[in-house]
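> Everything below, folded, please.
(2 chains)
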Amino acid sequence: MRGSPMPDHSAARSFPVLPSQIDLPATEHEVLKRWSERKIFERSLEQSQGNPNWVFYEGPPTANGQPGVHHVEARVFKDVFPRFKTMRGYHVDRKAGWDCHGLPVEVAVEKELGLSGKKDIEEFGVAEFNAHCRESVLRNVGAFTAMTERMGYWVNMDEAYRTMDPEYVESVWWALKTIWDKGLLVRDYRISPYCPRCGTTLSDHELAQGYETVTDPSVYVRFPVTSGPLAGPERPTSLLVWTTTPWTLVSNTAVAVHPDVAYVVATDGAERLLVAEPLVSAALGEGWTLTGERFEGSEMERWTYQRPFELVAFDEPAHFIVLADYVTVEDGTGLVHQSPAFGADDMTVCRAYGLPVVNPVRADGTFEGGLDLVGGTFFKTADSALVEDLRARGLLLRNQPYEHSYPHCWRCHTPLLYYALPSWYIKTTAIKDELLEQNARTNWFPENVKEGRYGEWLRNNIDWALSRSRYWGTPLPVWVCPEEHYTVVGSLQELGGLAGRDLSTLDPHRPHVDDVAFDCPHCGGRAERVPEVIDVWFDSGAMPFAQWGAPHRNNEAFEATFPGQYICEAIDQTRGWFYSMMAVSTLVFGHSSYENVVCLGHILAEDGRKMSKHLGNVLEPMDVMERHGADALRWFMVASGSPWMPRRVGHEALEEIVRKVLLTYYNTASFFTLYAGAGGAWSHGRLAEAPAPQDRPLLDRWLLSELNRVVKGVGEALDRFDTAGAGRLLTTFVDDLSNWYVRRSRRRFWAGADTPEGNSAFATLFEALESLTLVMAPLVPFITDHVWAALRRPEAPESVHLAHWPQAREDLVDTELSEQMALTRRLVELGRAARVDSGVRTRQPLSRVLVGAAGFARLPEQLRDQIAEELNVQELDPLSAVDGDLVEHTVKPNFRALGKRFAKRTPLVAEAIGAADARALVEQVRSTGWAHIEVEGEPVEISSDEVLISEQPREGWAVAAESGETVALDLEITPELQRAGLARELVRLIQDARKSGGLEISDRIDLWWSAEDPVTARALHEHERTIAGEVLAVSVTEGAPQGDAHSTTSEDFGVTVHLRKAA
RNA sequence: GGGCGUAUAGCUCAGUCGGUUAGAGCGCAUCCCUGAUAAGGAUGAGGCCCCAGGUUCAAGUCCUGGUACGCCCA
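Below is the predicted model:
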C-alpha cells in the first residue's frame, strides 16, 4: 500500500519541475540565451586558464555560398572534443577562422557581376573586382556565424582569423620567404588545360563541363633506333610509336616504355619494328612475324633514336627511351611519345630524366613564326601537313581516324591545349622523407587513412604547384628585375624598406601590391612583382602561425599552441587541408602541426545522393535545427552509424533520435523532478543519509554498476575519438535507466524518501542522472544543460559545461550482478512471451512459474522478486526441482568450448553429445560437473561448460524457451487467483474513471460501488484495502452516492462504480 | 586507368578473439500493459550475410580473385 502522499504541487518544492512535455528547439533558444547572458563559454575558458593546453585548430570553411548540413558534421566534431577535454581539465582555446581567397569566390563574384573570363575582369578593374570578392566573403561569413551559434559550436568568432587579413597575408609571406631561403621555392613549368582563344587556363571544374567527342588522326610512326643492341646498319630497327596528336611530334623529346612490359621485334621481311609484346597483332595486323628478339622495358632505358622532325632546336641531350609506370598496353604500341610541354605525365617523366621542356607553340595556339612546315599555323590544323611530311619521308606506317572524348573550352568550344606555363613550385619532393616521418607520428582516425589514402598520396608525392594566374588570393611575394634576379619579401615592413617608403598600411592584395616596385638589390634594375597569386591551400595550411600573425606578432601565443593536438575535417581534405597543414609546417619548422586527425565520411541526402539544389534534396541546417533541435542533429552526426563512413541524413532519422534518446533521457529527469520535488520529498541534503552504495537494494546497485561502467566507457571512447561507441553506450544506458530501473522502482518513488529503500531509490536515480548528464554534455550540450539547471546540487557550477568529468567508481562495477540482471531480464521476456502464447493477461496473477536456466540457482532473492512481480506470479521455482518425468531435457554441444579442447575431433564429440541420453547426461553433469560419453569407442569426459542444457516441462504449461533458457507458467487459475485478478481489473477501471473524471493524480476520492456479479462483489470485499490504496480512496461504500458523482459501469465484471473528489 | 573504402532484414545500421539458432531500431501486421503515456512491452512476416574460390574441425568474420557503389587522384 502506498505510504506517502502523491506529489503535491502546492507544497514547497525542492526541485523545479521539468514538465513532461518539452519543446526542444524552444528550450535550446533559452539555453543559448543563458549561455550568452551568463557568458558560460567565456567562463569555461577563464576557469581553465593555467591548465595544460589541449590545442584544437579550426580548419577554416571557405566562406563561399551558404552553409549546408554537411558543414554541421565537422563542426559538431570540432565542438565535442574541446568540450570533452575541457571537462577533463584541459584549457582548450578555440579560435574560429575563415578561408577567404580562391577561385570559387571569384567565380561566384563573376556571376554576380555578369563577367566572364579574365579579360572581363581586367576591363572591369582588379581593384573593384577584389573589393567585391571581399564583400562576398563577409556576407557569407554572416550565414556561417548564425549556423555556428545555433548548433552550439563554441568557438571564438570575435577573434576569428581571416586568410585575407593583412597580418595573415604577412605571415604567409614570411613562410614563403623561409621556404625560398631553403631553396625549395622554384619557378618551373606546369601543364594546365588552356584555352588559346581565351588565353586562360581552366580549372578542373570548368574542364569537366567541356568534353566533346571528336575524331582525330591517330598515327603509327617509325623512330629509327640509333644506339643499343638494335642499332646499326646490319639490322636497322625502328620504335613504333602511336599518337593521336601529331602536332606534338614537332617537339618530341623522348619515348616512354613500361619497365615491366616485354617488347619484341616484328618483321614483315622488309623492315623490323619494336612493339610491346601484347600489342603486336593489334598494332601491326597480318603479315608480321616475330624475330625472337625480346627485351624488358627496363633493359631499353636510354637507347637513343632518330626523332621524327628536326624543326625545333634542342640545346640539351634528348631523344632516348625513358621508363614510366603510366604506360599501358591498352591501345597503341606500348611506346609512348613524350612532349613535356603538352602533357602532365610527359612533364613528370621527362623532368625526372632532366630533359628540357621545348615548346614551339605560342600562347595564341599557333606555332612560332619562323618554323618550317608549320610556322604560324594553329596547332590543331597543323596535323595534316605533318602527317603528309611523315608519309613522304617513309616514317608513317599507318594513319587512321580515331574517335575519342577531348576537352574543349566551355565558353568558346575551342579545343583545349595541355600547355606548359611557367609556374611556381614548392619542392615538397625534397622533404618527402620528412613528411613520411611526420605522418608516422600522427594518429589518424580512422586508422586506415594513415597508410592508405593519405600515406599513398605522400609516397607518390609530387611538387606543390603553388601559383595561380588569378586575382583574389595571397599575392606571391616575389619581385623580379629584367636580369631575372628574384627578391622574396617576408613582410610589409621589409617591402617598405626595399621601396623606401612606409607601406605598413598597404593592402597586400592585387592590384595595390602590384604597384610597388623597387630597385633590385643585386643589380639595381627595376624589380616588379610577378603576377601570380598562390594556391589557397597554402593559406589555410599556414593557419597554426598565420592565425596569430606570427612570427611578426603574437609569437608567444603561437609557440604555446604548436603543434596542435586535434584537427578534424571530412575525408575530402586528405589531399587538401590535412596535407597542406602537414606540408607547410614541415617545410617551415621541420615538424607537422597536428598530432591527432579525425577524418569524417560525407553526409548524403536521404536518397543516398549528394545534396544539391539541382536534385532538390537539400536539407537546410537552420530549418532542421528549428524542427528537431540542434541536439538531435548533433547526436546524428556523432552517434548515428559510423562517422568514418558516408551517411544519409533525413527527418526520420532525427525524429527517432529525439524519441529514443533525447526524450527518453529527458522524461526520466522529468519523472525524477516530479516526485523528488513534490512537497520537498527529497532534496540534495538527503544524499548524505542515503545508504552506502553497497547497502542499497540490488536494483540500485545494478544501476550504479552500469552507470560507472558507462562513465568509464564513454570517457575511454571519447579519448579514442570514438563518438559512435560512446553513443551506443549512452543509448543502451538511457534505455536501461528508463525502461528497467525507473519502471521497476516506481513504487519506491511513489512511496517517497522516508524509508531507506525510498531514499536509496531517489539517491540512486539522482546520481545516475547527474553523471549521465555530465557525460552526455559534450555531445548534446543543450538538453543536458537544461536538465542540469533543474537537478544540480546547490554547490555545483551553474552550467554543466563548467563542471568536471565525473570520476568512474570502478569499485561499484559488479560484473556478476550485471550478468544476473541480464538473466533476470531475459527470463522476464520469456515469461511475457509465454503469457502472450497462453492468452492469460498479465493482470491475472498466476500461482507459479518454473525456470530452467544455468545461473538461476545463484540468482539472488531480490532479483527473483523482480521476475515474480514483473510477471505477476506468486512463486518462482527451478525446473530442476520438478519431478524428472515431467521435464524433457535437451543437450547441445558448446562448440566454442569443445573446439578448444578437441580441435579436429570437435564434430565427432558434438555428434556423440547429441546421441547420448540427455536425461542421464544432465544428471551426471548436475551431480559431478562431468559426464562420460563415448566417441568412436573411446571414453571421453565432458564438463558442464561444454554442453548447453535446456529443459522443458512435458505438458500443461505455457512455455517459452530460447538459447537453453526456459520459463514455464502454471496456468491453473484458482478462485482466489481469479478474485485477485478481478481486483486488479477493478483498480484499472477506477483509475480510468479518475482520469476521465478529470481528477489530478494526487486527488483523494470517495468511492461507491454496486456489483451484480457475486464473484466481483466478493473480490471487492476481499481486496477493498488494496484497491482503496491504489486509487487513493478515503472511503469505500457499497451502494450509490448521494448527489453528483462520476460513474462507470463494466458489463464484463458486472459492476458499477461512482467516485467523487473527497472533501 | 590507379589508390582507398563500403556491401548483413523493405529502410538505417550493430555483429568483440572465427564457434554451428546472425541481432537492434525504424516501417508493416496482430496483441498486451499503462497515472513517466506524443511513451513502453510481446508476437509475427521479412536473410544467397554481393559473387566465386581458398584456409580451417568450424567462415558473416581470415586470404585470393571478381562484381556493384562511394570518395580521392589521373
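> ok, and the closest non-adjacent residue to the residue in the stretch 801-950 of chain A positioned nearest to RNA strand B?
Closest residue of the stretch 801-950 of chain A to RNA strand B, CB to the nearest atom of the strand: A:Gly899 (2.3 Å). All C-beta atoms are positioned from the backbone trio N, CA, C, and that covers glycine. The shortest distance from A:Gly899 to any non-neighbouring residue, by CB to CB, 6 or more residues apart in numbering, is to A:Thr906 (5.1 Å).
> and the next element down the chain from the longest strand seen in chain A?
The residue-count maximum for a strand in chain A (DSSP state E) belongs to strand A:211-224. For strand A:211-224, the following helix or strand on the C-terminal side (DSSP states H and E) is strand A:237-243.
> Help me see whether the helix or strand following that next one makes contact with RNA strand B, please.
Remark: after strand A:237-243, the chain's next helix or strand is strand A:254-257, criterion DSSP H and E. No. Strand A:254-257 does not reach RNA strand B (CB under 7 Å from any atom of the strand); its nearest approach is 13.4 Å.
> what is the mean pLDDT for strand A:254-257?
When pLDDT is averaged along strand A:254-257, the result is 92.
> got it, and stretch A:389-401?
89.
> Just want the angle from the longest strand of chain A to strand A:237-243.
Per axes from the mean of the first three to the mean of the last three CA atoms, to 10 degrees, the angle that strand A:211-224 makes with strand A:237-243 is 170 degrees.
> before we move on, the earlier item: before we move on, which element is the residue of the stretch 801-950 of chain A closest to RNA strand B in?
helix A:895-902.
> Around RNA strand B, pick out the residues from the stretch 551-700 of chain A.
Going by CB under 7 Å from any atom of the strand, the residues of the stretch 551-700 of chain A near RNA strand B are A:571-572, A:574-576, A:602, A:608, A:610, A:640-642, A:645-648, A:652-653, A:656, A:659-660, A:663-664, A:667-668, A:670-671.
> Now for the residue nearest the centre of chain A: which residues touch it?
Geometric centre of chain A, nearest residue: A:Pro643, 2.5 Å, by CA atoms, centre = their mean. By CB atoms under 8 Å, 6 or more residues apart in numbering, A:Pro643 lies in contact with A:Glu73, A:Phe77, A:Val598, A:Leu600, A:Gly601, A:Met637, A:Thr723, A:Ala724.
> same question, A:Gly89
Applying CB under 8 Å, 6+ apart, one finds that A:Gly89 lies in contact with A:Ser48, A:Asn51, A:Pro52, A:His804, A:Trp805.
> Next up, phi/psi of A:Pro482, please.
phi -60, psi -20 (degrees, to the nearest 10).
> same deal with A:Trp635?
Taking degrees, to the nearest 10 as the convention, A:Trp635 sits at phi -60, psi -40.
> if I look at the closest residue to RNA strand B within the stretch 1-150 of chain A, how far off is A:Arg190?
Closest approach of the stretch 1-150 of chain A to RNA strand B (CB to the nearest atom of the strand) occurs at A:Ser20, with a separation of 2.9 Å. Here A:Ser20 is placed at a distance of 66 Å from A:Arg190 (CB to CB, to the nearest Å).
> Which one of those two is surrounded by more residues?
A:Arg190 (18 against 12; other CB atoms under 10 Å).
> thinking again about what came up before, in strands only, show me the residues of the stretch 551-700 of chain A next to RNA strand B.
Among these, the members found in strands (DSSP E) are A:Arg647, A:Arg648.
> Buried only: go through the residues of the stretch 551-700 of chain A next to RNA strand B for me.
Among those, those scoring as buried are A:Ile571, A:Thr574, A:Gly576, A:Ser640, A:Arg647, A:Ala653, A:Leu663, A:Thr664, A:Asn667, A:Thr668, A:Ser670, A:Phe671 (criterion: 16 or more other CB atoms under 10 Å).
> which secondary structure element contains A:Glu42?
Here A:Glu42, judged by DSSP H and E, is contained in helix A:40-47.
> In that helix, which residues are buried?
Buried-residue list, helix A:40-47, by 16+ other CB under 10 Å: A:Ile40, A:Phe41, A:Arg43, A:Ser44, A:Leu45.
> what sits up against that helix?
Taking CB under 8 Å, 6+ apart as the rule, helix A:40-47 contacts A:Arg34, A:Trp35, A:Thr86, A:His91, A:Val92, A:Asp93, A:Trp154, A:Glu798, A:Ser799, A:His801, A:Leu802.
> Emit the ChimeraX select command for whichever of those residues are buried.
Per 16+ other CB under 10 Å, the buried members of the contacts of helix A:40-47 correspond to this ChimeraX selection:
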select /A:34,35,86,91,92,93,154,799,801,802
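> In JSON lines, list the contacts of helix A:40-47 along with pLDDT.
Formatted as JSON lines, those follow (pLDDT from 0 to 100):
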{"residue": "A:Arg34", "pLDDT": "94"}
{"residue": "A:Trp35", "pLDDT": "95"}
{"residue": "A:Thr86", "pLDDT": "96"}
{"residue": "A:His91", "pLDDT": "96"}
{"residue": "A:Val92", "pLDDT": "95"}
{"residue": "A:Asp93", "pLDDT": "92"}
{"residue": "A:Trp154", "pLDDT": "95"}
{"residue": "A:Glu798", "pLDDT": "93"}
{"residue": "A:Ser799", "pLDDT": "94"}
{"residue": "A:His801", "pLDDT": "95"}
{"residue": "A:Leu802", "pLDDT": "95"}
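> Among the contacts of helix A:40-47, which lie within strands?
Among those, no member falls in strands (DSSP E).
> did I read that right, A:Gly334 in a helix?
No. Under the criterion used here (DSSP: H, G, I helix; E, B strand; the rest coil), A:Gly334 is coil, not part of a helix.
> bridging residues for the closest residue in space to it that isn't next to it in sequence?
Excluding the flanking residues, the one nearest A:Gly334 by CB to CB, 6+ apart is A:Ala276, at 2.4 Å. As for beta bridges, A:Ala276 partners with A:Tyr263 under DSSP bridges.
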